[in-house]
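K.L.:
give me the fold of what follows.
(one chain, ligands or ions: 1)
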Amino acid sequence: MNPRIPDPQASPPTCAQCNRAIADGLYDDRAEQYYCDTACFNDWADANHEDVVLFYADMNVN
Ligand SMILES: [Zn+2]
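P.N.:
Have a look, this model is predicted:
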């Protein structure tokens, strides 16, 4: 199932940071979760700093 197309039977997805229902937000393909907007994504990235850094290092640092 494509996570970008919500199932009309399911409850709406919620923001991974603030837990609000998402009407038209952002989708994170890697973490498979939604954010309201870039501000919520930035707050999530701050709270998950180590994961973000490890991912960046895997992709870019040799
Ligand atoms: Zn949010």
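
K.L.:
off-centre distance for stretch 52-62?
P.N.:
18 Å (Cα atoms, centre = their mean, to the nearest Å).

K.L.:
could I get the CA-only coordinates of it as CSV?
P.N.:
Provided in CSV are the C-alpha atoms of stretch 52-62 (Å, rounded to 0.1, in the frame of the first residue of the first chain):
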residue,chain,number,x,y,z
VAL,A,52,20.1,11.9,11.9
VAL,A,53,23.9,12.1,12.3
LEU,A,54,24.4,8.4,11.9
PHE,A,55,22.4,8.4,8.7
TYR,A,56,24.3,11.3,7.3
ALA,A,57,27.6,9.6,8.2
ASP,A,58,26.5,6.4,6.5
MET,A,59,25.6,8.2,3.4
ASN,A,60,28.5,10.7,3.1
VAL,A,61,31.5,10.0,5.4
ASN,A,62,34.0,7.4,4.2
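
K.L.:
for that stretch, list every residue counted as buried.
P.N.:
When burial is assessed from 16 or more other Cβ atoms under 10 Å, stretch 52-62 yields no buried residues. Placement of C-beta: from N, CA and C, glycine included.

K.L.:
quick check: chain neighbours aside, which residue is closest to Gly33?
P.N.:
To be clear, residue 33 is Gln; Gly isn't right here. Spatially, and ignoring its direct neighbours in sequence, Gln33 is nearest to Ala16 (3.9 Å; Cβ to Cβ, 6 or more residues apart in numbering).

K.L.:
surely Arg30 is within a strand?
P.N.:
No: the assignment for Arg30, made by DSSP: H, G, I helix; E, B strand; the rest coil, is coil rather than a strand.

K.L.:
burial measure for the closest residue in space to Thr38 that isn't next to it in sequence, as a count.
P.N.:
Residue nearest to Thr38 in three dimensions, not counting chain neighbours: Leu26, with 7.0 Å by Cβ to Cβ, 6+ apart. Leu26 has 15 neighbours, counted by other Cβ atoms under 10 Å.

K.L.:
gap between the residue nearest to Gln33 and Tyr35?
P.N.:
Ala16 sits 6 Å away from Tyr35, going by Cβ to Cβ, to the nearest Å.
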